[in-house]
Structure formats: C-alpha cells, structure tokens
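*Asks:* Here you go, sequence then predicted model.
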Amino acid sequence: MSRVDEIKNRTVFPKKPVIRKLGTISCNCIVETTPIVYRGELYRFEVVRRKSFTSATKGSWRDVEDSPCLRFVNVRTNEATPIFAEDHTFGFPIVVDDKMYVVTGKSKTWGADTLVFMRSDDLVSWETYQELPMPGFKIYNMNIAKKDGKFTLLIEISAPLEECGPHHYTFRFLQSDDMTHWTLMPQECVFQKDRYAGSPGLYTLDDDPYYYVTYLEEYPMCCYANCIARSKDFINWEYSLLNPVLMYDEYEDKKIASPFLTEADRALIDAALDINNSDLEICEFLGRTIIYYSWGDQLGHEFLAEACYEGTVKEFFQGFFE
C-alpha cells in the first residue's frame with residue numbers, strides 16, 4: 001500500500017501533541033543545547049564559546065572567534081560547571097551506569113573529522129577515553145540513543161559527497177555495544193539524502209520498535225522549522241502527518257522566560273528577526289517533556305528558548321504518529 005493510500009484509508013487521525021512555548025531564556029549565542037537529567041537534577045548541556053557568556057556585547061555567533069567549549073548548567077540553580085573540551089565543537093551527553101558521557105567533535109571550527117568520547121562522574125573532571133578519526137567527513141551536530149543494549153550515534157554531515165549527497169546536511173549512523181568501539185552503518189542507512197536535513201535529535205522508547213529522529217526542514221524564503229520522522233531500520237522513514245513539530249512564531253518565541261535577561265537583552269529579542277525554530281532537543285523530567293530550541297534568523301543571530309509538553313516523552317513522540 002502506498003503512503004497516499006494509507007492516508008486515504010485512515011479512519012482515525014492523530015491529534016498533534018500540544019506544545020506550550022514558555023519563551024526565551026538566553027540571547028548569548030548559545031544554540032546547541034540538550035536537557036538531561038543527572039542524579040535527580042535537570043541540566044542543560046551547552047555548546048558555547050567563552051565570549052558568548054562572558055562578554056557584555058551581544059551579537060552574531062559568526063563574530064565570535066574564540067575557542068569553542070562545553071559546559072553543563074543546573075537548571076534549578078542556574079549554576080554552570082567549569083568549561084571543558086576547549087577547541088571542540090558540538091556535542092551530546094548521555095548517562096550510562098551513573099556516569100556522564102559526552103561525544104564531541106575535535107575541531108576549532110565547524111566540520112570535524114574526528115569524534116572524541118569523554119566521561120565524568122562529577123561534571124568537573126573529564127577523561128578522554130576514545131578518539132574516532134573519520135577522514136574525509138565533516139561532522140556537526142550529533143546524538144546518541146540506546147536500544148536493546150546497543151548504542152546508536154547519529155552524526156550530521158556535509159562531506160564526503162558519496163555519504164551525504166549534494167545537500168547540506170544529511171544524517172548518518174554508527175553503532176556500538178560499549179560506547180567505545182563504533183562501526184559506521186551501511187551506506188543505505190541514511191536520513192533525508194534528497195534534501196536539507198539539519199539540527200538532529202535521535203530518540204528511542206521502551207516497548208517501541210522505532211527510532212525517532214527530529215530534524216530541521218527547510219521551507220521557502222530561507223525559513224526553517226523542526227519536524228519528526230521515524231524508522232525501524234534507518235532506511236525506510238515515516239514522516240509525521242502533523243509536521244512541523246515547532247514552527248517559528250515571534251509572539252510566542254519572544255516571550256521572556258528568564259529573570260536573568262536584562263533590559264538590553266529584551267530589546268535585542270524584541271528587534272530580532274524570527275524565521276527559524278531549530279535545534280530541538282528534549283528529555284523527560286518529573287513526568288513532563290522538557291524542550292529546548294533555538295529561534296532567530298539562521299544567519300548567526302540566534303536565541304535559546306524553552307517549551308514543554310504536559311506528558312511523557314513516549315506520549316509526545318507517539319502522539320505524532322498514532
């Protein structure tokens with residue numbers, strides 16, 4: 001049965017999960033952010049540059065030339081851990097056996113060709129325990145999900161051409177049994193090689209055979225919105241009929257959701273162009289789905305915002321399909 005016939009034969013259509021946008025929490029050029037629960041506390045994992053949170057001057061991340069680095073922020077206290085992984089860009093955290101693991105790209109600029117794996121049990125001291133060179137690749141965002149004892153690593157790439165196709169960007173996948181030894185999956189295991197796909201997220205659910213991917217879809221006039229698809233085999237992908245997941249909305253995105261934003265911050269937010277909702281990442285905390293995303297112009301002027309879904313992550317993802 002074709003996808004068109006499947007849609008026509010439906011008698012019940014899913015209702016889109018209701019997402020409540022809470023508003024902007026940062027305008028310091030912090031875009032790639034992951035919510036994660038560690039030892040009962042909710043943290044934000046942030047990819048930053050020193051000037052992006054130490055300078056009083058707010059501007060485009062394209063104008064910030066100092067070293068990229070990583071940190072965690074305790075959401076309850078707003079306290080940040082010491083920065084780590086200087087000269088590494090992009091990254092993703094995952095908790096395994098009560099340790100925090102982070103994968104990141106070894107590069108001062110975008111497009112790393114080496115993945116670095118780190119771990120810590122206090123978010124202060126970090127051990128680099130593995131490096132994975134991938135010659136010829138240009139790697140950007142990344143995500144890890146675990147299912148049936150196996151870890152799957154998603155990488156967003158723009159090279160080599162035979163791996164990603166002619167469009168920036170494409171998602172490829174690696175797998176591991178131990179978070180140390182990784183194997184690139186066959187070339188047909190790829191997401192959206194026929195057109196742009198950015199800002200990835202990868203998720204699995206208990207008692208659910210699918211891998212869920214959140215991604216950035218490009219719309220006319222250089223506009224962007226977060227969407228969702230799923231697959232059982234990384235080859236055949238089902239797109240939600242309810243896409244996009246998040247669409248830019250300057251009235252909702254520009255709400256103020258942090259008491260730490262100054263009057264200057266608020267003026268910058270109010271004057272900004274909003275044609276993009278990207279870099280959506282989520283986690284579950286106290287029975288609620290926590291959502292962080294970026295809005296702005298996709299030209300370097302980006303703002304970090306928060307949203308939520310009043311339900312579990314499982315209800316959230318399945319709600320876009322079932």
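*Replies:* Here it is on my side, so go on. Numbering: from 1, shown residues only.

*Asks:* Can you show me the helices along the stretch 151-300 of the chain?
*Replies:* Ranges of helices in the stretch 151-300 of the chain, per DSSP state H, counting those that start in this stretch, are 161-164, 250-253, 263-271.

*Asks:* Quick one: list the elements packing against the second one.
*Replies:* Same thing as helix 250-253. Helix 250-253 sits against strand 20-26, with contacts defined as 3 or more CB pairs under 8 Å, 6 or more residues apart in numbering; DSSP states H and E. Just so you know, the C-beta spots here come from the backbone N, C-alpha and C atoms, and that holds for glycine as well.

*Asks:* Run the angle between the strand it packs on and helix 263-271 for me.
*Replies:* If you take axes from the mean of the first three to the mean of the last three CA atoms, to 10 degrees, strand 20-26 sits at 130 degrees to helix 263-271.

*Asks:* Show me which positions of strand 20-26 end up buried.
*Replies:* Buried positions in strand 20-26, judged by neighbour count with 16 or more other CB atoms under 10 Å: K21, L22, G23, T24, I25, S26.

*Asks:* In CSV, list the residues you listed along with distance to K147 and pLDDT.
*Replies:* As requested, the buried residues of strand 20-26 are exported to CSV (distance: CB to CB, whole Å; pLDDT from 0 to 100):
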residue, distance to K147, pLDDT
K21, 30, 98
L22, 30, 97
G23, 34, 97
T24, 34, 96
I25, 31, 94
S26, 32, 89
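
*Asks:* Kindly indicate which of the residues you listed lies nearest Y38.
*Replies:* Looking at the buried residues of strand 20-26 and their distance to Y38, the nearest is I25, at 19.3 Å (CB to CB).

*Asks:* Report whether the expected contact of the closest one with L304 is present.
*Replies:* Yes. Between I25 and L304 a contact is recorded at 5.5 Å, counting by CB atoms under 8 Å.

*Asks:* which SS class is I30?
*Replies:* Per DSSP: H, G, I helix; E, B strand; the rest coil, the secondary structure class of I30 is coil.

*Asks:* What distance do you get for it to I144?
*Replies:* According to CB to CB, to the nearest Å, I30 stands 21 Å off from I144.

*Asks:* And those two? Which one has more around it.
*Replies:* I30 (23 against 20; other CB atoms under 10 Å).

*Asks:* Just the pLDDT for the more buried one.
*Replies:* Model confidence at I30, expressed as pLDDT, equals 80.

*Asks:* pLDDT weak spots in the stretch 51-200 of the chain?
*Replies:* Scanning the stretch 51-200 of the chain for pLDDT under 70 picks out the ranges 51-66.

*Asks:* any idea which element I36 lies in?
*Replies:* strand 33-38 (DSSP states H and E).

*Asks:* Quick check: next helix or strand after that strand?
*Replies:* The helix or strand immediately downstream of strand 33-38 is strand 41-49, counting by DSSP H and E.

*Asks:* Go through the strand holding I36 and flag the buried ones.
*Replies:* Burial within strand 33-38, assessed by neighbour count using 16+ other CB under 10 Å, is assigned to T33, T34, P35, I36, Y38.

*Asks:* Only C-alpha atoms, please: export that strand in PDB.
*Replies:* Only the C-alpha atoms of strand 33-38 are listed here, as PDB (Å, rounded to 0.1, in the frame of the first residue of the first chain):
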ATOM      1  CA  THR A  33      21.600  22.800  24.000                       C
ATOM      2  CA  THR A  34      20.400  19.400  25.400                       C
ATOM      3  CA  PRO A  35      18.300  18.900  28.500                       C
ATOM      4  CA  ILE A  36      19.400  15.900  30.500                       C
ATOM      5  CA  VAL A  37      18.700  14.500  34.000                       C
ATOM      6  CA  TYR A  38      21.700  13.500  36.100                       C
END
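
*Asks:* Contacts for it next, please.
*Replies:* Here strand 33-38 makes contact (CB atoms under 8 Å, 6 or more residues apart in numbering) with 42-47, 72, 75, 92-95, 100, 123, 279, 281-285, 290-292, 294, 304.

*Asks:* ok, 7 Å please
*Replies:* Under the contact criterion CB atoms under 7 Å, 6 or more residues apart in numbering, strand 33-38 has outside partners 42-46, 92-93, 95, 100, 281-283, 285, 290, 292, 304.

*Asks:* Same question for stretch 185-192.
*Replies:* So stretch 185-192 is contacted by 163, 170-175, 197, 213, 215, 234-235, 237 (CB under 7 Å, 6+ apart).

*Asks:* Number of residues surrounding F191?
*Replies:* Neighbour tally, F191, other CB under 10 Å: 22.

*Asks:* wait, isn't L202 in contact with N143?
*Replies:* Yes. L202 lies in contact with N143 (CB atoms under 7 Å); the separation is 4.0 Å.

*Asks:* intersection of neighbour lists for those two?
*Replies:* L154.

*Asks:* just to revisit the earlier point, mind putting the helices of the stretch 151-300 of the chain in JSON lines, mean neighbour count and distance to T114 included?
*Replies:* As requested, the helices of the stretch 151-300 of the chain are exported to JSON lines (neighbours: other CB atoms under 10 Å; distance: least, CB to CB, whole Å):
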{"stretch": "helix 161-164", "mean neighbour count": "15", "distance to T114": "16"}
{"stretch": "helix 250-253", "mean neighbour count": "16", "distance to T114": "35"}
{"stretch": "helix 263-271", "mean neighbour count": "14", "distance to T114": "36"}
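
*Asks:* All set, thanks.
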